[in-house]
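# quick one, fold the following:
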Amino acid sequence: MVEAHRVLPLNSPDSICGKLSLKQYKMDETRKLKMKSTLAASIGSSGRKSDEDDDASKKAITMYRMKEEEIEKRKMEMRKRVEMQLLKAEEEAKRLTQVWEELDGFPDPTRKELTIVRRKLEHASKDLKSLAQICQKKEKEYKEAMETFQERSKEKAHLTSALMELLNKSEVLRMRKLEELSKVLISKP
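Below you'll find the model as predicted:
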């Protein structure tokens, strides 16, 4: 389960905005101290205030105030942005939590059917595997039988041609013998 993020107050030291403002606050304090020391140095070095010193110090103070106001504006803008992002993140976390809860409570109507189909598929796979092995065995036997058949067919063709030759020779020899016998019989009256 996803935990919803809690929104921390801006002045909390744990909040992002609080950390950012704390850093900015420290930076502002160091700037203030530098400005004061430069003002004090300029006032103390002359020993008395002159019009030029007054104008310079007024300008420095005005510049300092303007920078301070600009920094404050940036702080406020940053706070607003961080608050918006935190609110968005919190809303998204709530939505995500709701979706997870709905998914957890969602019954799966096809779970039984899926289980049955998976079992049938596994059984069919096992059968197919054994049938494939039988098929390979039969194919091997068929190839061996076919090779034997072809060898025997060649042997038969060879023997048939040899038989035909022998029959032809025998026929020729018989014919000669018959002719010889006929000549002998004709020559003896």
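
# how many neighbours does L167 have?
10 (other Cβ atoms under 10 Å). Every residue, glycine included, has its C-beta placed from N, CA and C.

# pLDDT score for E70?
For E70, the model assigns a pLDDT of 92.

# check contacts around it.
Applying Cβ atoms under 8 Å, 6 or more residues apart in numbering to E70 gives no contacts.

# quick one: it from Y64, how far?
11 Å (Cβ to Cβ, to the nearest Å).

# do L121 as well
L121 is 79 Å from Y64, by Cβ to Cβ.

# which of the two has more neighbours?
More crowded of L121 and Y64, by other Cβ under 10 Å: Y64, with 17 against 10.

# which element is the more buried one on?
Y64 belongs to helix 51-105 when assigned by DSSP states H and E.

# show me what the longest helix seen in the chain is packed up against.
Secondary structure of the chain per DSSP state H: the longest helix is helix 111-187. Applying 3 or more Cβ pairs under 8 Å, 6 or more residues apart in numbering; DSSP states H and E, we find helix 111-187 packed against no helix or strand.

# ok, how many other residues are close to A56?
14.

# just T97 next, same as before
If we define neighbours as other Cβ under 10 Å, then T97 has 14 of them.

# could you check how far it is from R31?
44 Å.

# and for M78?
In terms of Cβ to Cβ, M78 sits 17 Å off from R31.

# check what pLDDT A89 gets.
94.

# T30 now?
76.

# could you do N11 as well?
47.

# D108 too?
So D108 comes in at 70 (pLDDT).

# now it: phi and psi?
Torsion angles at D108 (phi, psi; degrees, to the nearest 10) stand at phi -100, psi 100.

# who are the contact partners of it?
Contacts for D108 (Cβ under 8 Å, 6+ apart) come out as none.

# distance of it from K120?
In terms of Cβ to Cβ, D108 sits 19 Å off from K120.

# just E70 next, same as before
Computed with Cβ to Cβ, the distance linking E70 and K120 is 74 Å.

# point out where the protein drops to low pLDDT.
Counting by pLDDT under 70, the chain has low-confidence residues at 1-23, 35-50, 189.

# repeat the analysis, applying 90 as the threshold.
1-61, 99-117, 178, 180-189 (pLDDT under 90).

# hang on, the earlier thing: from the chain's centroid, how far away is the helix holding Y64?
Offset of helix 51-105 from its chain centre (Cα atoms, centre = their mean, to the nearest Å): 39 Å.
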